[in-house]
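Chemist: when you get a sec, could you give me coordinates for this:
(2 chains)
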Number of protein chains: 2
Amino acid sequence: MDLTALSNKLTAALAELHYGDQPTALYEPIRYIMALGGKRIRPLLTLLGAQLYTDALDVALKPALAVEVFHNFTLLHDDIMDQAPLRRGQPTVHEKWNPNVAILSGDVMLVRAYELLFDMPPALLAPMLRRFSQTAAEVCEGQQWDMNFETETEVSIDQYIDMIRLKTAVLLGFALELGARLGGGSEADAEHLRLFGEGIGVAFQLRDDLLDVYGDAATFGKRVGGDILSDKKTFLLLTAQTQANETQRAQLARHIGQPIADADAKVQAVRALYDELDIRPQTEARINHYFEDALQHLDRVSVPAARKEPLRHLALQLLERES
Amino acid sequence: MDLTALSNKLTAALAELHYGDQPTALYEPIRYIMALGGKRIRPLLTLLGAQLYTDALDVALKPALAVEVFHNFTLLHDDIMDQAPLRRGQPTVHEKWNPNVAILSGDVMLVRAYELLFDMPPALLAPMLRRFSQTAAEVCEGQQWDMNFETETEVSIDQYIDMIRLKTAVLLGFALELGARLGGGSEADAEHLRLFGEGIGVAFQLRDDLLDVYGDAATFGKRVGGDILSDKKTFLLLTAQTQANETQRAQLARHIGQPIADADAKVQAVRALYDELDIRPQTEARINHYFEDALQHLDRVSVPAARKEPLRHLALQLLERES
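Modeler: All right, here's what the predicted structure looks like:
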């Protein structure tokens, strides 16, 4: 199946999912956030992982949904913690209902995510549940690091990369690994696919950092410069802070962590410093590094290259690259 | 093993549990809440359930810990929702750290609870994980009903009983059922034990309602009259509201849901009305009903009565009854 057909299969299966009925205040928010949409990348990765080995994808369908329900659980709880008013342009659950409802609905979503895994073949059940749980804990660790970094003064680039790896990339890796094992792939293949997914995830996150500063306002979907305005310790800012000379460091310090007089001026000033320090090409080089490394792992998966095409295509699409 | 020996075994195993190290802000709260203590009734029930069938209790030890970690996860999240300042006399996690830390640590606890179940024998893994997940969702449903009832004007006694069943009793039932299955008990036995646990749980909750009004301040551990002061819709209040004549209903309405002028006076006035309506004996009768029903289920468990003694003893102890 091509990406569109797989996507449609997922959309149909997600629409059929039943989370529970009563009390409504518990289950309605789950239906709400699951219906907000999104690209469904993670469950797609699970199906694509399975499709490397088999055309009988039904074994991977419920586990794919588990990954998507889990992902939305993390969004629901993260939005409370980040006090985010909007998710995909719609009010967040804690805004539309209240934080208590958001906490509790999220808890049930995590339970439902687990439940969607219990039909797995017995031989895979315990090992894959362990890997899912490990991944789930890592995603929580990533979110905690992210919150820690908001108030920490010294964050290294390595720490930052590890945070985005945990918060975002490990779930992409797991989604693929899960699909591969369910499709019949070997542990070695699944490990390469996991590392492929993780690498793509880190590259994607770095690209998000880059687009925040250098993206096209029309297509980015968020306010360009948003990270700069919120003093977010992104890869760009951390790299700039590491490489700035004394004058440049002082210039940065006049903008970062200070009250904002003129938002556009702040964004322009910080971007000018990034330009001076060649932060953009350095970030692009780092994205390429993770992307190329990921592709090498995909290359080492022992199925014919033609079968890997949809996966490679999705990775290119995610990073909006030509090849 | 007797109750003390089992308790010691649990305390030692809980002390050995490793939740994770970094980031500290994520894992320290878990160690903190798990170290606050409590009676460890639920994991004790799991071990007692297993001990009906076997003296080799190690198969049930990690699953017993899973139940206790899950229970503490619910306490952690419930305390945020209830804005409780104290838990077992110590600051709650959201007070000692902050609500975000409490949300995220709780999430990881739920994951760790699942992980403690994955070593179960393969034949029991999927069915018991399903039952655990069902129970977990029911506990969340109970908490949501409890929150709903705070603002609802019409709550029936049946709805109230079902709320406490979900919020508290089903986990006691599951703890026993899990232990029974792990020990080698039949599905029929496990079902009777589940219903025994559930019945004890409902009786225990009703007894808590009763003690709030008629308990001995010295031994109750909470402020006597606390439910009355907070207008909590307990079994006693709901029964009184159902059975009050017009005059009595008006008297109740002067106190319930009104600003408190004199706390002692409010407690005394409501208690006087309860006395007038014979609420105490009615509550005692209801407690007895659930307790006797529970014991009948225990009777029907197909092991010699002598083996059931510790379980019967614990139930009596929980409800502080002589026989």
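Chemist: C-alpha from now on. contacts and neighbour counts both.
Modeler: Noted.
Chemist: any idea of the mean pLDDT for the longest helix along chain A?
Modeler: Across chain A, the longest stretch assigned as helix under DSSP state H is helix A:122-151. What helix A:122-151 shows for mean pLDDT is 97.
Chemist: pLDDT below threshold where in chain A?
Modeler: Within chain A, the ranges that satisfy pLDDT under 70 run A:220-222, A:322-323.
Chemist: around chain B, which positions in it sit nearby?
Modeler: Residues of chain A that fall close to chain B, judged by C-alpha under 8 Å from any C-alpha of the partner chain: A:22-23, A:25-26, A:77, A:80-81, A:100-101, A:103-104, A:107-108, A:111-112, A:114-115, A:118-119, A:122, A:125-126, A:129-130, A:133, A:136-137, A:140-141, A:144-145.
Chemist: buried subset of those residues, written for PyMOL?
Modeler: Listed next is the PyMOL selection for buried residues among the residues of chain A next to chain B, using 16 or more other C-alpha atoms under 10 Å in any protein chain shown:
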select buried, chain A and resi 25+26+77+80+81+100+101+103+104+107+108+111+112+114+115+118+125+126+129+130+133+136+137+140+141+144+145
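Chemist: contact partners for the residue in the stretch 201-323 of chain A positioned nearest to chain B?
Modeler: Closest contact between the stretch 201-323 of chain A and chain B, by C-alpha to the nearest C-alpha, is at A:Lys233 (17.7 Å). By C-alpha atoms under 8 Å, 6 or more residues apart in numbering or on different chains, A:Lys233 lies in contact with A:Phe149, A:Glu150, A:Val155, A:Asp227.
Chemist: thought A:Ile80 was touching A:Ala102?
Modeler: Yes - look at A:Ile80 against A:Ala102 with C-alpha atoms under 8 Å: they come within range, at 7.3 Å.
Chemist: overlap of the contact sets of the two?
Modeler: By C-alpha under 8 Å, 6+ apart, the residues touching both A:Ile80 and A:Ala102 are A:His94.
Chemist: what about the strands in chain A?
Modeler: A:86-87, A:90-91 (DSSP state E).
Chemist: right, and these - which one's nearest A:His192?
Modeler: A:His192 lies closest to strand A:86-87 among these, at 32.6 Å (C-alpha to C-alpha).
Chemist: mind listing what the closest one pairs with, with the direction of each?
Modeler: In the sheet, strand A:86-87 lines up against strand A:90-91 (antiparallel) (DSSP bridges).
Chemist: residues touching A:Gly20, list them.
Modeler: A:Tyr27.
Chemist: hmm, back to that, and the two most separated of the contacts of A:Lys233?
Modeler: The farthest-apart pair in the contacts of A:Lys233, when distances are taken by C-alpha to C-alpha, is A:Val155 and A:Asp227, at 15.9 Å.
Chemist: higher neighbour count, the two?
Modeler: Each of A:Val155 and A:Asp227 has its neighbours counted (other C-alpha atoms under 10 Å in any protein chain shown); A:Asp227 has more, 19 against 15.
Chemist: would you mind measuring from the closest residue to that one other than its chain neighbours to A:Val111?
Modeler: Closest residue in space to A:Asp227, ignoring its immediate chain neighbours: A:Asp212 at 6.5 Å, by C-alpha to C-alpha, 6 or more residues apart in numbering or on different chains. Distance, A:Asp212 to A:Val111, using C-alpha to C-alpha, to the nearest Å: 34 Å.
Chemist: and if you look at A:Ala13?
Modeler: Distance of A:Ala13 to A:Val111, computed by C-alpha to C-alpha: 18 Å.
Chemist: with just CA atoms, put stretch A:245-263 into PDB.
Modeler: What follows is stretch A:245-263, C-alpha atoms only, in PDB (Å, rounded to 0.1, in the frame of the first residue of the first chain):
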ATOM      1  CA  ASN A 245      32.800  36.300  21.400                       C
ATOM      2  CA  GLU A 246      32.500  38.700  24.300                       C
ATOM      3  CA  THR A 247      30.800  41.500  22.300                       C
ATOM      4  CA  GLN A 248      28.300  39.100  20.600                       C
ATOM      5  CA  ARG A 249      27.600  37.500  24.000                       C
ATOM      6  CA  ALA A 250      26.800  40.900  25.400                       C
ATOM      7  CA  GLN A 251      24.500  41.700  22.500                       C
ATOM      8  CA  LEU A 252      22.700  38.400  23.000                       C
ATOM      9  CA  ALA A 253      22.300  39.100  26.700                       C
ATOM     10  CA  ARG A 254      20.600  42.400  25.900                       C
ATOM     11  CA  HIS A 255      17.800  40.500  24.200                       C
ATOM     12  CA  ILE A 256      17.600  37.000  25.800                       C
ATOM     13  CA  GLY A 257      15.900  36.900  29.200                       C
ATOM     14  CA  GLN A 258      15.000  40.500  29.000                       C
ATOM     15  CA  PRO A 259      11.600  42.200  28.900                       C
ATOM     16  CA  ILE A 260      10.500  42.700  25.300                       C
ATOM     17  CA  ALA A 261      10.200  46.300  24.100                       C
ATOM     18  CA  ASP A 262       9.800  45.600  20.400                       C
ATOM     19  CA  ALA A 263       9.100  42.000  19.300                       C
END
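Chemist: chain A - how does it break down into domains?
Modeler: Split into domains by the TED database, chain A comes to A:1-122, A:140-322.
Chemist: right, and those domains - which one's nearest B:Leu47?
Modeler: B:Leu47 sits nearest to domain A:1-122 of all these, at 24.1 Å, using C-alpha to C-alpha.
Chemist: lovely, talk soon.
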